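**Q** this is the structure alone, sequence omitted:
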């Protein structure tokens, strides 16, 4: 009876035949790339943000260069004195719209990012503590959240902004706050103080939603078996919070962060539009929109100049949030 002999596999053959498993974030990124609107939105945001960072080098005119002989010029008009082209026209003081739009992007986007980051830090910290420890800690933080949630946001924001910005000299902020704000946004220290105060005002009332989201996630995670196992092994509360609870409650916070960027941007634009936010000559999309609406009937293109980037960024933040939500949903197929 013939016997069959099998040749041994070459070293490493089994490893090559077995596909390597993807990591969690690699799967998330692969899912996110399938969302075409989210990828296009990300490209638009990167383009606008890059232009704002490079504004001192790509701006064709000085930011505050006033020329009363070239006020309210339409797009692609030539400067009467120098012949230079104003790509997006000029405003009511003859300042180049394209220059001020890209400088305003730096202020408006950095305000939105700073506010959302502070909101995420405050809300995540309080939500973690409330959901994990429970008892009097949860009751105290929950009552504070309920109180802040009952405050009407827009009137309080307008009042606080008006008081703090009109009396900015009375409020002394440390140089380690003003210095980075002035450097990042390319504004003088006095204007940086106004921007920093606006960030603090917006962040002080916007953390409740993130705190509630994180508290709800922690309440679910802390009942899992691996949390009980970590306690049985003698893990401290801080170690369990940082090692097990926070990483497993973190994914929904990413989606909330991207959607929060949209809310912070719209809030800054609304406050500056009403004249209670960052003041001229520091350009933001909101105060540019406020000045442009005074001339919109005779020059209807003027509000569109700051309005278009506001629309694009708001839409992009929403699409990116939708893409991240789909990518982080474990119920979707790989």
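**A** Thanks, I have it. Remember, it's a predicted structure, so these values are computed and weren't measured experimentally. Numbering: from 1, shown residues only.

**Q** burial of the closest residue to residue 126 other than its chain neighbours, as a residue count?
**A** Of all residues not flanking residue 126 in the chain, residue 211 sits nearest, at 4.6 Å (CB to CB, 6 or more residues apart in numbering). All C-beta spots, glycine's among them, are computed from the backbone N, C-alpha and C. Here the count is done by other CB atoms under 10 Å, and residue 211 has 26 residues near it.

**Q** ditto for residue 240
**A** 18.

**Q** list the buried residues for stretch 113-133?
**A** Neighbour counts over stretch 113-133 (16 or more other CB atoms under 10 Å) mark 113-120, 122-124, 126-132 as buried.

**Q** what is the mean pLDDT for it?
**A** For stretch 113-133, the mean per-residue pLDDT is 90.

**Q** how far does it sit from its chain's centre?
**A** Centroid separation between stretch 113-133 and its chain, computed with CA atoms, centre = their mean, to the nearest Å, is 15 Å.

**Q** what does it rub up against?
**A** 137-138, 141-142, 144-145, 199-200, 202-203, 206-219, 222, 237, 240-241, 245-246, 249, 253, 256-257, 260-261, 264, 267-268 (CB atoms under 8 Å, 6 or more residues apart in numbering).

**Q** and those residues, which are buried?
**A** For the contacts of stretch 113-133, buried by 16+ other CB under 10 Å: 138, 141, 145, 199-200, 202-203, 206-215, 217-219, 222, 240-241, 245-246, 249, 253, 256-257, 260-261, 264, 267-268.

**Q** thought residue 266 was touching residue 314?
**A** Yes - counting by CB atoms under 8 Å, residue 266 touches residue 314, with 6.4 Å between them.

**Q** mind checking what helix or strand follows the helix or strand containing residue 37 in sequence?
**A** Using DSSP states H and E, residue 37 sits in helix 36-53. Using DSSP H and E, the next helix or strand after helix 36-53 towards the C-terminus is helix 55-58.

**Q** where does this protein dip in pLDDT?
**A** 1-25, 164-171, 329-334 (pLDDT under 70).

**Q** can you show me the strands along it?
**A** Using DSSP state E, the strands of the chain run over 77-78, 85-86.

**Q** identify, out of those strands, the most deeply packed stretch.
**A** By mean neighbour count, with neighbours taken as mean count of other CB atoms under 10 Å, strand 85-86 ranks first of the strands of the chain at a mean of 18.

**Q** now do it: distance to the chain's middle.
**A** That offset, for strand 85-86, works out to 32 Å (CA atoms, centre = their mean).

**Q** cool, stretch 274-281 as well?
**A** 20 Å.

**Q** outside of that stretch, which residues touch it?
**A** 63-64, 107, 111, 157-158, 161-162, 165, 191, 194-195, 198, 268, 271-272, 284, 286-287, 290-291.

**Q** equivalent analysis for stretch 149-165, please.
**A** Contacts of stretch 149-165 (CB under 8 Å, 6+ apart): 171, 194, 197-198, 200-202, 204-206, 208, 267, 270-271, 274, 276-279.
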